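Engineer: Structure here, sequence nowhere to be found:
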């Protein structure tokens, strides 16, 4: 006996509807998971070495994949621009790490900038020191450093402050020397500026000459190591206090007793015994 055709059709329709609903739910859940994974990946930073540079990568708005980090803000773009490695080896563990926050990324970048800067600022080669200063300036832009890293950075900047001051004094001396040479050239001959140049020379040349010499001494003499003759004398050892009578000397012995002074006898009317 055949069943009711309407009942069979209704059952098939219900099953089809159920399958459709389940399929839509699965697709919706899959889409939600993909969206969440995409958001998580888009907030993730990684590091990559390419062509001798350390490059900051930022996840795409996809479940996976990344591209070089290029923020629209000019300041941030300079902060996270590729870092020249100059032969420095980046640990492989750092290249496989994922950073979910920019502060974590800053702390990781600082470790590499410190490693690049430290040997260069300790060099006697001015060009190497300049490269070390470049890496320190890059590190200064990072805002997510730990307190310990801030202390380290401050100490390293203090190390190069002397070099920078010395270099600026040398630059100032060269500028003054060039300016005075140009004034002397302008003062010679008959031209529309010769009178003003002569007046300027008469006003500033004595002071400029002295300042040039002072800067020369500061950069090339005072900044060198002190000679033996310039070493300050060693402080004299304090003198040992005199021992009181009856006090043991340095060897623990009693000082010799002094003989009593002779006094005139009271006998014979105060005259001494003959």
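Structural biologist: Received, thanks. It should be emphasised that the depicted structure is a prediction, and the values quoted were computed from it without experimental measurement.
Engineer: need the next SSE after the helix or strand hosting residue 15, C-terminal direction.
Structural biologist: Taking DSSP states H and E as the definition, one finds residue 15 inside helix 5-42. Next helix or strand after helix 5-42 toward the C-terminus (DSSP H and E): strand 45-50.
Engineer: If residue 84 is in a bridge, with which residues?
Structural biologist: Note on residue 84: beta-bridge partners by DSSP bridges are residue 53.
Engineer: Can you report how many residues lie near it?
Structural biologist: 16 (other C-beta atoms under 10 Å). For glycine as for every other residue, the C-beta is placed from the backbone atoms N, C-alpha and C.
Engineer: Surely it touches residue 52?
Structural biologist: Yes - the criterion here is C-beta atoms under 8 Å, and residue 84 meets it with residue 52 at 6.7 Å.
Engineer: what sits against residue 53?
Structural biologist: Neighbour list for residue 53: 82, 83, 84, 85 [criterion: C-beta atoms under 8 Å, 6 or more residues apart in numbering].
Engineer: need the longest helix for the chain.
Structural biologist: helix 147-187 (DSSP state H).
Engineer: Quick one: distance of the helix or strand just after that one to the chain centre.
Structural biologist: For helix 147-187, the succeeding helix or strand toward the C-terminus, using DSSP H and E, is helix 194-217. A distance of 38 Å separates the centroid of the chain from that of helix 194-217, by C-alpha atoms, centre = their mean, to the nearest Å.
Engineer: what pLDDT, on average, does helix 194-217 get?
Structural biologist: Mean per-residue pLDDT for helix 194-217: 88.
Engineer: count of residues packed around residue 69?
Structural biologist: 20.
Engineer: With residue 31 instead?
Structural biologist: For residue 31, the neighbour count with other C-beta under 10 Å is 10.
Engineer: Give me the neighbour count for the spatially closest residue to residue 61 that is not a sequence neighbour.
Structural biologist: Nearest in space to residue 61, with sequence neighbours left out and distances taken as C-beta to C-beta, 6 or more residues apart in numbering, is residue 42 at 4.7 Å. Using other C-beta under 10 Å, residue 42 has 14 other residues around it.
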